[in-house]
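1. here is a sequence together with a model predicted from it:
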Amino acid sequence: MNDLRKDPVSGRWVIITRDYLLKRPEGEIQTFHENQLKTCPFCPGHEAMTPNEIWRWANPDGSWSVRVIPNKFPLLRIEGSPDRRGEGLFDHIAGIGAHEIIVETPEHLPQYELKDGEQMFRVLSAYKIRLQDLKNDIRLRYGLIFKNVGGEAGAQLAHPHAQLIAMPVIPMNVKVELVNCKKYYELKERCLFCDIISEELDKGKRIFAETEYYVAWAPYASRFPFETWIIPKDHSSCFTCTEENSLKDLGALLHRVLMGLSRALESPPFNYVLHTRPFSLSPRYKQTTIDEDFHWHIEIMPRLTKIAGFEWGSGFYINPTQPEEAAHVLREAMI
């Protein structure tokens, strides 16, 4: 089993794997090729090539629109206990958790060509159902949904899919957001994200899409060219609380945004992540206002630049594209 080790200097948790890279499939299979249809484990008819199914969106004819399966090469495993213990001054946790694959469509398509907003709604429904289920496991504290598209973004298979990793700790990037949101709420008794939304809607320079329930914009201090955030306009701390009408609205918007990025940037590699409130908090982490101060959201990061020595050493990011210009380009590319 893999294990989690905490760096006492940065407070960051690291997953130490045993033979993860040795088990992963070899070969350049990150891009779309028609000849992959015969060997793709995510295509219909190849279900026996994957671990046993966890969940599916079943169609009346017995076929499926979305499948959820365990990752064949998991970073964290569901069996076992956390085994939280110290090793001298260091902290260690056994590599327990869940690592699942959400196969987003039965069609072997390029990642940007998910059929429509209705199919994206089915995918988002799968995210919601799996997060709700894993939340009941008292060993787990956080569930992260993420998607890698293109080899530069870490993808191993071309068939459209996302991943869910549920873990016994809260990841550093989420913890930073939680802490800053709590500080802001303690100072002003308002949600930081709600104030950002209000400011962006008022100025209008960086917002490039808006629906009944959501806005999409290029953040003021974007880390990457054409970085995009999608967030509910009404306050909500947990993605799993999203109602069906809102989820359908999000599906339509997310589909439009991804297609807009594809048109504007010629289908770049990208990652997206969904940040929602934790399943549970450490007893030491006293954040009783989390439902009032945190606001769930999706972050989309096209991989157009590389992180080099200055960024690694300083924690700074260098973005060669002004967010206002990125928003203008994406506004023109949206349909």
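-> That came through fine.

2. ok, which stretches of the stretch 51-200 of the chain are strands?
-> Taking DSSP state E, counting those that start in this stretch as the test, the strands found in the stretch 51-200 of the chain are 55-58, 64-70, 85-87, 90-94, 98-103, 142-149, 161-167.

3. tell me how many other residues crowd Lys175.
-> For Lys175, the count of nearby residues is 18 (other CB atoms under 10 Å). Just so you know, the C-beta spots here come from the backbone N, C-alpha and C atoms, and that holds for glycine as well.

4. distance of it relative to Tyr185?
-> From Lys175 across to Tyr185, the span is 16 Å (CB to CB, to the nearest Å).

5. just tell me which of the strands of the stretch 51-200 of the chain ends up closest to Arg206.
-> With CB to CB as the criterion, Arg206 lies closest to strand 142-149 of the strands of the stretch 51-200 of the chain, at 22.9 Å.

6. the inter-axis angle of the closest one versus strand 161-167?
-> 150 degrees (axes from the mean of the first three to the mean of the last three CA atoms, to 10 degrees).

7. which positions in strand 142-149 come out as buried?
-> Buried positions in strand 142-149, judged by neighbour count with 16 or more other CB atoms under 10 Å: Tyr142, Gly143, Leu144, Ile145, Lys147, Asn148, Val149.

8. tell me how far the last one lies from Arg277.
-> With distances taken as CB to CB, Val149 is found 26 Å from Arg277.

9. swap in Ile16?
-> Here the criterion is CB to CB. By it, Ile16 lies 27 Å from Arg277.

10. so which of the two has more stuff around it?
-> Higher neighbour count among Ile16 and Arg277: Arg277, with 23 against 11, using other CB under 10 Å.

11. quick one: the helices in the stretch 201-335 of the chain?
-> In the stretch 201-335 of the chain, the segments counted as helices under DSSP state H, counting those that start in this stretch are 244-265, 290-293, 309-314, 323-333.

12. flag the shaky bits of this structure, pLDDT-wise.
-> Of all residues in the chain, those with pLDDT under 70 make up the ranges 19-36, 111-114, 282-287, 335.

13. quick one, what contacts the residue nearest in space to the middle of it?
-> Centroid check for the chain by CA atoms, centre = their mean gives Val273 as the closest residue, at 2.1 Å. By CB atoms under 8 Å, 6 or more residues apart in numbering, the residues touching Val273 are Leu144, Ile145, Phe146, Lys147, Ile298, Glu299.

14. okay, the residues you listed in TSV with distance to Ser262 next?
-> TSV is the format used below for the contacts of Val273 (distance: CB to CB, whole Å):
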residue	distance to Ser262
Leu144	24
Ile145	20
Phe146	19
Lys147	14
Ile298	17
Glu299	18
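
15. of those, closest to Ser222?
-> Closest to Ser222 out of these is Glu299 (10.2 Å), distances taken as CB to CB.

16. okay, stretch 328-335 in CSV with CA atoms only?
-> Provided in CSV are the C-alpha atoms of stretch 328-335 (Å, rounded to 0.1, in the frame of the first residue of the first chain):
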residue,chain,number,x,y,z
HIS,A,328,-12.4,39.3,-24.4
VAL,A,329,-11.1,36.4,-26.6
LEU,A,330,-13.3,33.9,-24.8
ARG,A,331,-16.3,36.1,-25.0
GLU,A,332,-15.9,36.2,-28.8
ALA,A,333,-15.4,32.4,-28.9
MET,A,334,-18.5,31.5,-26.9
ILE,A,335,-21.6,30.5,-28.7
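
17. how close does Glu292 sit to His275?
-> When CB to CB is the yardstick, Glu292 and His275 sit 17 Å from each other.

18. just Gly62 next, same as before
-> The gap separating Gly62 from His275 is 36 Å, by CB to CB.

19. for Leu124, same thing?
-> Applying CB to CB, the value for Leu124 to His275 is 15 Å.

20. of those two, who's got more company?
-> Per other CB under 10 Å, whichever of Leu124 and His275 has more neighbours is Leu124, with 25 against 21.

21. tell me the contacts of the more buried one?
-> Shown in contact with Leu124 (CB under 8 Å, 6+ apart): Thr242, Leu247, Leu250, Gly251, Leu254.

22. the last one - how many residues pack around it?
-> Neighbour count of Leu254, defined by other CB under 10 Å: 23.

23. with adjacent residues omitted, what lies nearest to it?
-> Of all residues not flanking Leu254 in the chain, Met120 sits nearest, at 5.4 Å (CB to CB, 6 or more residues apart in numbering).

24. count of neighbours near that neighbour?
-> Residues within reach of Met120, counting by other CB under 10 Å, total 23.

25. same thing with Ala308?
-> Residues contacting Ala308 under the criterion other CB under 10 Å number 9.

26. try the one 4 residues further on
-> Trp312 sits with 9 neighbouring residues when counted by other CB under 10 Å.

27. do the same with the one 4 residues further on
-> As a burial measure, the neighbour count of Phe316 was computed by other CB under 10 Å and equals 10.

28. how close does it get to Ser222?
-> For Phe316, the distance to Ser222 equals 13 Å [CB to CB].
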